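**Student:** Mind looking at a prediction? Sequence and model below.
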Amino acid sequence: MVNTAAVNNLPEPLKSYFQASLGYLVEHASDPDYLARENPQERPHHYTEVEAYDSYPFAAFRAQFVDQRRGPSARQLEHGDSVWKIEQFTLRLSEDLRRRRWNEADRDAVFAAHYACDLTQPLHTVVNYDGQLTRQAGIHARFETTLVNALADGWLLRPQPAVNEPDLRARIFRESVDSYSQRQLIFAADRIALDGHTYLDPQVLRTFIQIDGPLARRRLEAAAAFVSSLWYTAWLRAGKPALGKGK
């Protein structure tokens, strides 16, 4: 869903180039998740729990990640490294485009997009990622899967336009903070829906979907804007090469 919206959000000629690969981008969008199920080393690439080692609004982490451009410490790696992976795969995509490695570009575009989408999902930024610390177990799937599946057919995503990001890490950091700042809306909606009921009551899920549906849509729109900006930035960094010849 996000990859389709991101492709449509690109300026030409990048839009036409990615539209030619849309089938691959959609079909393989979940490849990183399948890889994570098979390889434990892949799993930390899908989240970054900055709250485990810094306090909101994460000034110390910003200094490290954006200003000093340092990599993660061993302790930070225990809480995920998606922010670094987003940069890594965006730069790899740029190099693919520069060298006209079209198949590699498709794959790296998918991985950059997947990690970016993970970061815009607020529960991928918190230690309490599945409500396990607040007796809200299962909230991750309720928000990310059940809610989206229930409402997505009625949504037309309208992301902000793709933009070039000269400071890629600054954009990644902003997305992380923005996502984290909306975490409580998910937990609060779940508590409101559950009040006086149990999770076995179908009304709980219906109420949760009704309350948090607008948030989920906004998060998907943020993801589409983020992904398209990463792809666009990669192309510009590559020197705006001619696209798709011999593909």
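**Tutor:** Now that the structure is in, tell me what you want to look at.
**Student:** which strands and helices sit next to the longest helix along the chain?
**Tutor:** Looking across the chain with DSSP state H, the single longest helix is helix 202-237. Counting contacts by 3 or more CB pairs under 8 Å, 6 or more residues apart in numbering; DSSP states H and E, helix 202-237 packs against helix 2-8, helix 14-20, helix 82-99, helix 102-120, helix 148-151, helix 168-180, helix 183-194. The C-beta positions use only the backbone N, C-alpha and C, and glycine is treated the same way.
**Student:** Assign the residue of the chain most remote from its centre to helix, strand or coil.
**Tutor:** The C-alpha centroid of the chain is most remote from Gly196, which lies 33.7 Å away (CA atoms, centre = their mean). Following DSSP: H, G, I helix; E, B strand; the rest coil, the label given to Gly196 is coil.
**Student:** what sits against it?
**Tutor:** Counting by CB atoms under 8 Å, 6 or more residues apart in numbering, Gly196 makes contact with nothing.
**Student:** For Asp118, see how far away it is.
**Tutor:** With the distance defined as CB to CB, to the nearest Å, Gly196 ends up 33 Å from Asp118.
**Student:** one step back: now the longest helix of the chain: buried residues?
**Tutor:** 204-205, 207-209, 211-213, 215-217, 219-235, 237 (16 or more other CB atoms under 10 Å).
**Student:** so how far does stretch 10-22 reach from one end to the other?
**Tutor:** 13 Å (CA to CA, to the nearest Å).
**Student:** Ser73 is in contact with Trp84, correct?
**Tutor:** No. Trp84 is beyond contact range of Ser73, at 11.5 Å (criterion: CB atoms under 8 Å).
**Student:** So the two - more neighbours on which side?
**Tutor:** Between Trp84 and Ser73, Trp84 has the larger neighbour count (other CB atoms under 10 Å), namely 20 against 10.
**Student:** any idea how far the residue lying closest to Asp167 once chain neighbours are set aside lies from Ser176?
**Tutor:** Closest residue to Asp167 apart from its sequence neighbours, by CB to CB, 6 or more residues apart in numbering: Val66 at 7.2 Å. Separation of Val66 from Ser176 (CB to CB) stands at 11 Å.
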